[in-house]
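**Student:** after the sequence you'll find the predicted model.
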Amino acid sequence: MYHVCILECDDGSLYTGITNNLSRRLAMHKAGQGGSYTRSRGAQAFVYTERKCTRGSALKREAAIKRLSRAEKLALVSSGTATYGIDRKRRPARLTR
């Protein structure tokens, strides 16, 4: 099982990626061992996750999400239809406006 995820960074930007272990991946991002994008911007929490059966389908969905504008990504996050509550103790302030 793979997950496509959108992560909010400390500067309010959004990072999109895939993983097969959400908690491990978030810990890596927070420790500065994830992608170079989050290494320089910090990681707060996943704001959206979506399950996919195969790595290929996850990569296709990741590419589709990366093509979205910021406004479209925020609409996807706001819909909340595929978020599974990973590290969501609070909703990031920037996304609630």
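**Tutor:** Arrived safely. Computed from a predicted model, the values in this text were never measured in an experiment.
**Student:** got the contact list for the longest helix seen in the chain?
**Tutor:** In the chain, with assignment by DSSP state H, the single longest helix is helix 55-66. With contact meaning CB atoms under 8 Å, 6 or more residues apart in numbering, helix 55-66 is reached by 2-4, 6, 16-18, 20, 50, 52, 73, 76. Using the backbone N, CA and C atoms, a C-beta is placed for each residue, glycine as well.
**Student:** show me the residues you listed that map onto strands.
**Tutor:** Under the assignment DSSP state E, these contribute 2-4, 6, 16-18, 50, 52 to strands.
**Student:** which of these lies closest to residue 28?
**Tutor:** Nearest to residue 28 among the ones in strands among the contacts of helix 55-66 is residue 17, at 10.6 Å by CB to CB.
**Student:** pLDDT below threshold where in the chain?
**Tutor:** 81-97 (pLDDT under 70).
**Student:** again, 90 this time
**Tutor:** Counting by pLDDT under 90, the ranges of the chain that qualify are 29-40, 42-44, 79-97.
**Student:** what about residue 12, which SS state?
**Tutor:** Of the three states, residue 12 takes coil according to DSSP: H, G, I helix; E, B strand; the rest coil.
**Student:** distance check, it against residue 47.
**Tutor:** In this view, residue 12 and residue 47 are 11 Å apart by CB to CB, to the nearest Å.
**Student:** more neighbours: these two, which one.
**Tutor:** Legend: neighbour count by other CB atoms under 10 Å for residue 12 and residue 47, higher for residue 47 (24 against 13).
**Student:** so which elements touch the helix or strand harbouring the more buried one?
**Tutor:** Using DSSP states H and E, the element containing residue 47 is strand 43-52. The helices and strands touching strand 43-52, judged by 3 or more CB pairs under 8 Å, 6 or more residues apart in numbering; DSSP states H and E, are strand 2-9, strand 14-19, helix 22-30, helix 55-66, helix 70-79.
**Student:** deepest-packed of those, please.
**Tutor:** Ranked by average neighbour count under the criterion mean count of other CB atoms under 10 Å, the helices and strands packed on strand 43-52 are headed by strand 2-9 at a mean of 23.
**Student:** on that earlier part again, export the helices and strands packed on strand 43-52 to CSV and tack on distance to residue 40?
**Tutor:** Below are the helices and strands packed on strand 43-52 laid out as CSV (distance: least, CB to CB, whole Å):
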stretch, distance to residue 40
strand 2-9, 9
strand 14-19, 11
helix 22-30, 11
helix 55-66, 18
helix 70-79, 18
